[in-house]
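Enquirer: Based on what follows, work out the 3D shape:
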Amino acid sequence: MPGRHITDRQMRLFMTLKKTHNTEIAAAKSGFSRATGYRYARDPFLSERSAAPRGRRRPDPLVDIFEAEVVPILEASPGIRPVGVFRELMRRHPDLDPGVRRTLERRIRVWRAAHGPEQEVIFRQKHEPGRQGLSDFTHMSSLGVSVAGQPLDHMLYHFRLAWSGFAHARVVLGGESFTALAEGLQGALWHLGGAPREHRTDSLSAAFRNLRKDEAEDMTERYRALCAHYGMTASRNNRGAAHENGAIEGPHGHLKRDIADALALRGSTDFDDLDAYRAFIAQVVGRANAHRAKRIEAECALLRDLPAVRATDYEEISVQVTSSSGFILRRVFYTVPSRLIGHRLGVRLYDDRLELFLSGAHQLTLPRGRARQHGPNEHVVNYRHVIHSLKRKPMALLHLIYRDALFPREAYRRCFERALERLSEREACRLTVALLALAHEENCEAELAAAIHSALKTGRLPDPDALKARFAVRTDRMPGIHVARPPLADYGALLASGDAA
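Expert: Below you'll find the predicted structure:
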């Protein structure tokens, strides 16, 4: 038909029909004219294959430039971007049409395919059940998660079995570290009930880049010892070759998208406390594992047995408690009860907490703080540790180094600032210390903060005496409890009757 090209499908049909029909019938059934049928009967090649290639419809704007100028640039600088070549050409030839950029990019792409350097080849791997587990860390700041209204700067430790896709995730408050890796890895293995033959990570030097050489080597040896404890061979990918850990790098994105979807369905990215957020992450990961339950069960049967006990997943450090009722560890000042002043404590440093020991006996647990890269030390302060001394020296609050960290809630800090505006410095310090002492002695920190907030909201300063009368425990109102003691003879009668069980 005029104006319509004969397709390969029509030609195949025509050649098939021609075996049992004459040319005119075969052409009609194939959808073209008798004359076309006779013409193609003389030329057995398919129409689209025999069609002449279409030539250029406009002059080539790069005909005098590409071979003379672009190719030498590409040969001298193989990694240069096409946009860089375009900008150089525009600088050399100001009259060149800017619309030539796309033509140049396509021409460079074709040239590199024919004459460019060899590219790295990705070798797809076949995973064996029970053989390989992988660990990595991923940043979570893009999800905007907060705890009690405060943004949570954190990462996720992510473990995955390469064959079945079993996943385990743990919230990490610091950066990549041995303690975070050890806690997360052991949590995953004990959840599985077994260990794979190989454990793979990215370059561990990235996790230890801020340490001295001897400390980094010590961390690496501890990691190898951790793997050996579970009978796993430690391996890692080549530096900068993230695709070699594709079995976990790709699932990072899937996991974060699952978490983002779950947060959207939840309707809020704020959590009451860190434990609530960790439980939420565990639910998301658990639902993903439920879809792979059969493969996970099959792989678990091939994992190595776990050792009798866990390996050490913390750092051991010794600190001296100073007269400030605290100690400094990695540029963070921690307070402890004043009875520990002068003692040397053993510290087990985890990713999110410190366990303190004195002569092997556990004393207390502190949340772990982290210092900023630049600036003064951070402070992890519990006002209950120092309030008994602060009551005797309330003016120490005025210029206390860790004053802002001392206030347990925002209401106490705002009360102190408002008191400084209206009262003398001495009176403001006495008022604030009295409120902190009341919160400690009557164990009413949250309730007292609400009362302080209500007073400040009405433009008044809280009255410590009135609040003490409100929150103090009244011993004269304690109910008397009388416990009647039955005579011992009643027990003898009960046994004699035989009704006793």
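Enquirer: tell me which element residue 138 falls in.
Expert: Taking DSSP states H and E as the criterion, residue 138 maps to strand 132-139.
Enquirer: List the buried residues in that strand.
Expert: With burial defined by 16 or more other C-beta atoms under 10 Å, the residues of strand 132-139 counted as buried are 132, 133, 134, 135, 136, 137, 138. (Glycine included, C-beta is placed from N, CA and C.)
Enquirer: which ones are touching the fifth one?
Expert: It stands for residue 136. Residues in contact with residue 136 (C-beta atoms under 8 Å, 6 or more residues apart in numbering) are 157, 158, 201, 202, 245, 248, 249, 252.
Enquirer: Closest one to residue 379 out of the residues you listed, please.
Expert: Set against residue 379, the nearest of those by C-beta to C-beta is residue 157 (26.7 Å).
Enquirer: can you tell me which residues contact the residue nearest to that closest one when sequence neighbours are not counted?
Expert: In this structure, residue 157 finds its nearest non-sequential neighbour in residue 184, 3.4 Å apart by C-beta to C-beta, 6 or more residues apart in numbering. Listed by C-beta under 8 Å, 6+ apart, the contact set of residue 184 reads 135, 157, 159, 168, 170, 172.
Enquirer: Next SSE downstream of the longest helix along the chain?
Expert: As assigned by DSSP state H, the longest helix anywhere in the chain is helix 246-266. Going down the chain from helix 246-266, the next helix or strand is strand 270-271, by DSSP H and E.
Enquirer: Counting by contacts, list what that following strand packs against.
Expert: Strand 270-271 is packed against strand 146-147, with contacts defined by 3 or more C-beta pairs under 8 Å, 6 or more residues apart in numbering; DSSP states H and E.
Enquirer: Which residues does the strand it packs on contact?
Expert: 152, 269, 270, 271, 272, 273, 274, 277.
Enquirer: Present those residues as CSV; the columns should include pLDDT, distance to residue 227 and neighbour count.
Expert: CSV is the format used below for the contacts of strand 146-147 (pLDDT from 0 to 100; distance: C-beta to C-beta, whole Å; neighbours: other C-beta atoms under 10 Å):
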residue, pLDDT, distance to residue 227, neighbour count
152, 91, 30, 19
269, 94, 36, 16
270, 93, 38, 17
271, 94, 33, 19
272, 90, 37, 10
273, 89, 33, 10
274, 90, 29, 16
277, 95, 29, 19
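Enquirer: As CSV, the residues you listed with distance to residue 370 would be great.
Expert: Shown next, in CSV, are the contacts of strand 146-147 (distance: C-beta to C-beta, whole Å):
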residue, distance to residue 370
152, 13
269, 22
270, 22
271, 20
272, 22
273, 18
274, 14
277, 18
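Enquirer: quick one on the thing from earlier: now the longest helix of the chain: buried residues?
Expert: For helix 246-266, burial by neighbour count (16+ other C-beta under 10 Å) applies to 247, 248, 249, 251, 252, 255, 256, 258, 259, 260, 263.
Enquirer: and that helix with strand 132-139, angle?
Expert: Helix 246-266 runs at 50 degrees relative to strand 132-139, counting by axes from the mean of the first three to the mean of the last three C-alpha atoms, to 10 degrees.
Enquirer: mind checking which helix or strand residue 357 is in?
Expert: Here residue 357 sits within strand 353-358, counting by DSSP H and E.
Enquirer: in terms of contact count, name the helices or strands touching that strand.
Expert: On a contact count with 3+ C-beta pairs under 8 Å, 6+ apart, strand 353-358 meets strand 344-349, strand 361-367.
Enquirer: Extract the CA atoms of the last one and return them as PDB.
Expert: Output in PDB follows, covering the C-alpha atoms of strand 361-367 (Å, rounded to 0.1, in the frame of the first residue of the first chain):
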ATOM      1  CA  ALA A 361      31.100  -5.500  91.800                       C
ATOM      2  CA  HIS A 362      28.700  -3.700  89.500                       C
ATOM      3  CA  GLN A 363      27.900  -0.200  90.800                       C
ATOM      4  CA  LEU A 364      25.700   1.500  88.200                       C
ATOM      5  CA  THR A 365      24.900   2.000  84.500                       C
ATOM      6  CA  LEU A 366      25.300   5.300  82.700                       C
ATOM      7  CA  PRO A 367      24.100   6.400  79.300                       C
END
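Enquirer: and it, which strands flank it?
Expert: strand 353-358 (antiparallel) (DSSP bridges).
Enquirer: average pLDDT for the strand it pairs with?
Expert: Taken as a whole, strand 353-358 carries a mean pLDDT of 93.
Enquirer: what does stretch 81-100 give?
Expert: Averaging pLDDT along stretch 81-100 gives 93.
Enquirer: And stretch 128-141, by the same measure?
Expert: 90.
Enquirer: cool, stretch 361-378 as well?
Expert: Mean predicted confidence for stretch 361-378 is 86.
Enquirer: For that stretch, buried residues please.
Expert: Neighbour counts over stretch 361-378 (16+ other C-beta under 10 Å) mark 363, 366, 368, 369, 371, 378 as buried.
Enquirer: Please give me every residue in contact with the spatially closest residue to the second one that is not a sequence neighbour.
Expert: Nearest residue to residue 366 in three dimensions, chain neighbours excluded: residue 354, at 4.5 Å (C-beta to C-beta, 6+ apart). For residue 354, the contact set (C-beta under 8 Å, 6+ apart) comprises 329, 334, 347, 348, 365, 366, 367, 368.
Enquirer: Is the second one located within a strand, as I assumed?
Expert: The reference is to residue 334. Yes. Under the criterion used here (DSSP: H, G, I helix; E, B strand; the rest coil), residue 334 sits inside a strand.
Enquirer: okay, the helices and strands packed on strand 353-358 in JSON lines with distance to residue 472 next?
Expert: Converted to JSON lines, these look like this (distance: least, C-beta to C-beta, whole Å):
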{"stretch": "strand 344-349", "distance to residue 472": "34"}
{"stretch": "strand 361-367", "distance to residue 472": "27"}
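Enquirer: of those strands, which approaches residue 287 most closely?
Expert: Evaluated over those, closeness to residue 287 peaks at strand 361-367, with 29.5 Å, by C-beta to C-beta.
Enquirer: Now for the protein, the helix or strand with the poorest mean pLDDT.
Expert: helix 47-50 (a mean of 54; mean pLDDT, DSSP states H and E).
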